[in-house]
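1. after the sequence you'll find the predicted model.
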Amino acid sequence: MFKKMLHRIRELLLSLISFAVSPKLVTYARNPPNSSTLEVGDNEGNDYDSHCLSWRLAVEANNVRGWRTVPARCQKYVERYMTGGQYERDTELVVDEILSYVDRIVLPGDGMDAWVLDVDDTCISNVTYYKGKRYGCDPFEGAGFRAWAGKGECPAIPGVLRLYKKLIGCGFKVILITGRDKERLGQVTILNLHDQGFSGYQQLIMRTPEHKGQNAVAYKSNVRRQIVEGGYRIRGNVGDQWSDLQGEHVGDRTFKIPNPMYYVS
């Protein structure tokens, strides 16, 4: 009897020591961590998020190119980034830098100083649409996106709206360039932008049949060339994709709004 009690006490002490060394041991033994159960604050969760943070940084630096979907393991990370406040803070920081640059520009007064802004996920947000695409883990689907855009419910991105109003107030000519199809989405896009506070721009340029077959870089380069040939000086260029900021006539300075949900070449 005494030996049995001694054995039980020994087992209990060993259990307590194990728990003190690793308080999560029992929990993880019963529920091994995976992509759907990891929480921020767990060592395993931090390792997981660290990988996805590095992936997002590489995307924003344009070191990772041509990717079709967000890695499945990063779905929760991208969701938290886009909806948990960090995306807004990052965007506001970019806008503050743009405004600092804007304040140093001296306008000659001839009305030919222009700024180019992209539309989707630069001026107005498609996060609601991409929520249904698992924040970019599912492939882009053109018909579905056109159906979403056709509702005219894309909300303004607050930081960029703040920038837009500053540019208009300073006397810059703001030219919006979008890859949206003019025939299908022209009127609804105009109304959506107006409803969200984007009024008073110089021009909204959309894809037409003459741009058929052109990738984003070629299309936007050609449009910017026409702007410059029209006598405008492009003092700045803002977009969420590197393809908005590459090619010819990109402007005096370019600024990228973060977007880890999709890649447009």
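-> Received the coordinates, thanks. Numbering: from 1, shown residues only.
2. how many neighbouring residues does the nearest residue to A72 once chain neighbours are set aside have?
-> Residue nearest to A72 in three dimensions, not counting chain neighbours: C137, with 5.5 Å by C-beta to C-beta, 6 or more residues apart in numbering. Where you see a C-beta, it was placed from the backbone N, CA and C, and this is true even at glycine. C137 has 18 neighbouring residues, counting by other C-beta atoms under 10 Å.
3. is it true that C137 touches W67?
-> No - between C137 and W67 there is no contact under C-beta atoms under 8 Å: 11.3 Å.
4. for the residue nearest to A72, phi and psi?
-> phi -70, psi -20 (degrees, to the nearest 10).
5. what does the pLDDT read for it?
-> Looking at C137, its pLDDT reads 98.
6. OK, contacts around it?
-> Counting by C-beta atoms under 8 Å, 6 or more residues apart in numbering, C137 touches T69, V70, P71, A72, C74, Q75, V78.
7. which pLDDT value goes with the second one?
-> So that's V70. Looking at V70, the pLDDT reads 98.
8. in space, what's closest to it - neighbours in sequence excluded?
-> Using C-beta to C-beta, 6+ apart and skipping the chain neighbours, the partner closest in space to V70 is G136 (3.8 Å).
9. any idea how far Y81 is from the one you found?
-> Per C-beta to C-beta, to the nearest Å, G136 is found 11 Å from Y81.
10. swap in D121?
-> With C-beta to C-beta as the criterion, D121 and Y81 are 13 Å apart.
11. can you tell me the SS state at P260?
-> Using DSSP: H, G, I helix; E, B strand; the rest coil, the structure places P260 in coil.
12. residues contacting it?
-> R56, V59, E60, V70, V78, Y81, M82, G136.
13. save those as a markdown table, and put in secondary structure too.
-> Formatted as a markdown table, the contacts of P260 follow (three-state DSSP):
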| residue | secondary structure |
| --- | --- |
| R56 | helix |
| V59 | helix |
| E60 | helix |
| V70 | coil |
| V78 | helix |
| Y81 | helix |
| M82 | helix |
| G136 | helix |
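14. can you show me the helices along the stretch 101-250 of the chain?
-> Assigned by DSSP state H, counting those that start in this stretch, the helices in the stretch 101-250 of the chain fall at 127-131, 142-149, 158-170, 182-195, 216-229.
15. dump the ones you listed to CSV, plus mean pLDDT.
-> As requested, the helices of the stretch 101-250 of the chain are exported to CSV (pLDDT from 0 to 100):
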stretch, mean pLDDT
helix 127-131, 98
helix 142-149, 97
helix 158-170, 98
helix 182-195, 98
helix 216-229, 98
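16. could you tell me which of the contacts of C137 count as buried?
-> Buried by 16 or more other C-beta atoms under 10 Å: T69, V70, C74, Q75, V78, out of these.
17. and which of these is nearest T208?
-> Set against T208, the nearest of the buried ones among the contacts of C137 by C-beta to C-beta is T69 (29.1 Å).
18. who are the contact partners of the closest one?
-> Residues in contact with T69 (C-beta under 8 Å, 6+ apart) are G136, C137, D138, P139.
19. swap in 6 Å and give it another go.
-> Residues near T69 by C-beta atoms under 6 Å, 6 or more residues apart in numbering: C137, P139.
20. average pLDDT for the strand ranked longest in the chain?
-> Among the segments of the chain that qualify as a strand by DSSP state E, the longest is strand 173-181. Across strand 173-181, the average pLDDT comes to 98.
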